[in-house]
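Predicted model and sequence follow; I will ask about them next.
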Amino acid sequence: MSTALQIHASGIKLPLSFIPSTTKQISRVSKRDGRIRCSATTPNKKYTIAVLPGDGIGTEVTPVAVEALRLAGSLEGIDFEFKEMLVGGAAYEATGVPFPEETLKASLESDAVYLGAVGITKKMPSSDHLPKHLKPEVGLMRIRRALGVYANLRPITVFPQLLEASSLKRSVTEGVDFMIIRELAGGLYYGKPRGFGMNEKGEETGFCTEIYSSSEVDRVARIAFDMALERRGKVCSVDKATVLESSKLWRRRVTIMSEEYPEVDLSHMLVDTSGMELIRCPKQFDVLLTTNVFGDILSDVAAMITGGIGMLPSACIGGPGPQLFEPVHGSAPDIDGEDVANPLAAVLTAVMLLRYGLKEEAVAKRIENAIFDTLNEGFRTRDIPTPGAKIVGCKKMGEEILKSLYVRVPSYQSN
């Protein structure tokens, strides 16, 4: 089940002139603006990454991210070993379960886990025939639980080249840069009791329970406040404390936690109001902290500020071992296998893996700058069109990112 990811396995072809040597210095002039290709050095660090492409477009965008990691790492003296494992529907079809023991073992033994997407596909357009414990999404829930991650980081950053790709006005989106921190391990998705029953009228009912403990709120709030210290010093906590007891506890615990962070400005906002404010004035936010279900919804809304969900990466952190990194988009069965998926969320997720999982900022910046450079060259996938853009497929976008990686691109974005 475990396989080595090869550099051309995805169909992304890196020209021979772009294949790095790890034993000698290279200095050639790039065709892009006469820039100089960076020198490669002998790798002096090695990381093992468990790679779970999953289902649907996950199998298309994940190889792009892997190739970017491999090349950028080699140019910064880092060697990656990638172990490809099964999860979700692909795992069910091969093994009869959505989260095999072999995948769990490889994930726990890795330095970080990269997951592409989990869900239905053209091959398996519905999972309604499967019992709940065998559905593809269970693989995702179980790996999050197994790794002990509890905070989901979803950065909402608008690239200046994509201002026209957003459905919102330029004056609203320009300069937007905030972080959604979604509690990931509790709340409505995991609370008990849950199930189906009958009411006194003989009608079928379905019920779920949203429950939070003080420790669950405290630990994710601490991550939010710590991140605010490194950013602009503002946390907006989103809840529905007017009617939900779980939200009343949430607000009370976040307020108590704020007393340890006098440098951070804390505000509270109701979830319905926050949905409106994300569209009206997204620049007001710095760190937006919220519950599992609210974060799931609000981050998809916020994705449209950036141009679409194909631009939204995420990191799942907080566990004692390897952390989990996954683009926010799902398996997208409507475009599965058509080579039209946007791989930028997947590559930006690789950036988060480097930044938050391995603390390798130099490699993270290199990939960020390569994305910036590729967008500057006018390349777009069909979900993020802009006037005069070159619309390309997933593989071609990946090839252009690799080309940009192998030149010295300027540091466009501030640290």
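Good, I have the coordinates.

going forward, measure contacts and count neighbours with C-alpha atoms only.
Noted.

What are the boundaries of the strands in the stretch 201-350 of the chain?
Taking DSSP state E, counting those that start in this stretch, the strands of the stretch 201-350 of the chain run over residues 204-207, 234-239, 265-270, 287-290, 315-317, 323-325.

a markdown table for the ones you listed, including mean neighbour count?
Converted to a markdown table, the strands of the stretch 201-350 of the chain look like this (neighbours: other CA atoms under 10 Å):
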| stretch | mean neighbour count |
| --- | --- |
| strand 204-207 | 10 |
| strand 234-239 | 25 |
| strand 265-270 | 16 |
| strand 287-290 | 28 |
| strand 315-317 | 26 |
| strand 323-325 | 28 |
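
Let me have these in CSV, adding distance to residue 221 and mean pLDDT as columns.
Below are the strands of the stretch 201-350 of the chain laid out as CSV (distance: least, CA to CA, whole Å; pLDDT from 0 to 100):
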stretch, distance to residue 221, mean pLDDT
strand 204-207, 28, 98
strand 234-239, 9, 98
strand 265-270, 11, 98
strand 287-290, 7, 98
strand 315-317, 13, 98
strand 323-325, 18, 98
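
got a list of what residue 241 touches?
Applying CA atoms under 8 Å, 6 or more residues apart in numbering, we find residue 241 in contact with 247-248, 250-251, 270.

quick one: low-confidence parts of the chain?
1-43, 408-415 (pLDDT under 70).

that older thread, buried only: go through the contacts of residue 241 for me.
For those, a neighbour count by 16 or more other CA atoms under 10 Å gives the buried set as 247, 250-251.

Of these, which belong to helices?
The members of these that map onto helices under DSSP state H are 247, 250-251.

Could you dump these into JSON lines and include distance to residue 54?
Rendered in JSON lines, the data for these read as follows (distance: CA to CA, whole Å):
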{"residue": "247", "distance to residue 54": "34"}
{"residue": "250", "distance to residue 54": "34"}
{"residue": "251", "distance to residue 54": "36"}
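
Residue 65 is in contact with residue 347, correct?
Yes: using CA atoms under 8 Å, residue 347 is in contact with residue 65, at 4.5 Å.

Between the two, tell me which one has more neighbours.
residue 347 (30 against 25; other CA atoms under 10 Å).

Okay, now stretch 170-187: how far is its last residue from its first?
36 Å (CA to CA, to the nearest Å).

mind listing what's buried in it?
Going by 16+ other CA under 10 Å, stretch 170-187 has these buried residues: 172-174, 176-187.

tell me how far it is from the chain's mean position?
Distance of stretch 170-187 from the chain centroid (CA atoms, centre = their mean, to the nearest Å) equals 12 Å.

And for stretch 280-300?
Distance, centroid of stretch 280-300 to centroid of chain: 15 Å (CA atoms, centre = their mean).

End to end on that stretch, go ahead and measure it.
16 Å.

Which positions within that stretch qualify as buried?
Residues of stretch 280-300 classed as buried: 282-283, 285-296, 298-300 (neighbour count, 16+ other CA under 10 Å).

Count residues in the vicinity of residue 125, would you?
There are 11 residues near residue 125, going by other CA under 10 Å.

likewise residue 244?
Residues near residue 244, counting by other CA under 10 Å: 12.

what do you get for residue 213?
That count, for residue 213 with other CA under 10 Å as the rule, works out to 13.

Could you check how far it is from residue 193?
For residue 213 relative to residue 193 (CA to CA), the value is 15 Å.

Could you do residue 141 as well?
In terms of CA to CA, residue 141 sits 18 Å off from residue 193.

okay, the two: which has more neighbours?
Neighbours per residue (other CA under 10 Å) separate residue 141 from residue 193, with residue 141 holding more: 16 against 11.

Tell me who's in contact with that one.
With CA under 8 Å, 6+ apart as the criterion, no residue contacts residue 141.

quick one: which helix or strand includes it?
Per DSSP states H and E: residue 141 is located in helix 136-147.

Buried by neighbour count: which residues of that helix qualify?
136-141, 143-144, 147.

for those, which one is nearest residue 333?
residue 136 (13.1 Å; CA to CA).

what about that closest one, distance to residue 127?
Distance from residue 136 to residue 127, by CA to CA: 8 Å.

shared neighbours, the two?
residue 120.

quick one: the helices in this structure?
Secondary structure of the chain (DSSP H): helices at 58-75, 88-95, 101-108, 136-147, 170-173, 214-230, 245-258, 271-280, 292-306, 344-352, 361-376, 394-405.

Please name whichever of these is nearest to residue 387.
Short answer: helix 361-376, nearest of these by CA to CA, at 12.6 Å.

in that closest one, what's buried?
Quick answer for helix 361-376 (16+ other CA under 10 Å): 363-375.

Just checking the distance from it to the centre of its chain.
For helix 361-376, the distance to the chain centre is 16 Å (CA atoms, centre = their mean).

Could you check the angle that helix makes with helix 344-352?
160 degrees (axes from the mean of the first three to the mean of the last three CA atoms, to 10 degrees).

List of residues touching helix 361-376?
So helix 361-376 is contacted by 68-69, 72-73, 76, 159, 161, 344, 347-348, 350-352, 354-355, 400-402, 404-405, 409-413 (CA under 8 Å, 6+ apart).

And residue 185, how close does it get to residue 346?
Relative to residue 346, and taking CA to CA, residue 185 is found at 23 Å.

repeat for residue 395
In terms of CA to CA, residue 395 sits 13 Å off from residue 346.

Find residues that contact each of these two.
Joint contacts of residue 395 and residue 346 (CA under 8 Å, 6+ apart) are residue 64.

Identify the single longest strand in this protein, thanks.
Secondary structure assigned by DSSP state E gives strand 45-54 as the longest strand of the chain.

Looking at residue 395 and residue 346, which has the bigger crowd around it?
residue 346 (32 against 22).

got a list of what that one touches?
61-62, 64-65, 116, 313, 326-327.

Neighbour-wise, give me the winner out of those.
In terms of neighbours by other CA under 10 Å, these top out with residue 326 at 31 neighbours.

how about the nearest residue to that one, chain neighbours excluded?
residue 115 (4.9 Å; CA to CA, 6 or more residues apart in numbering).
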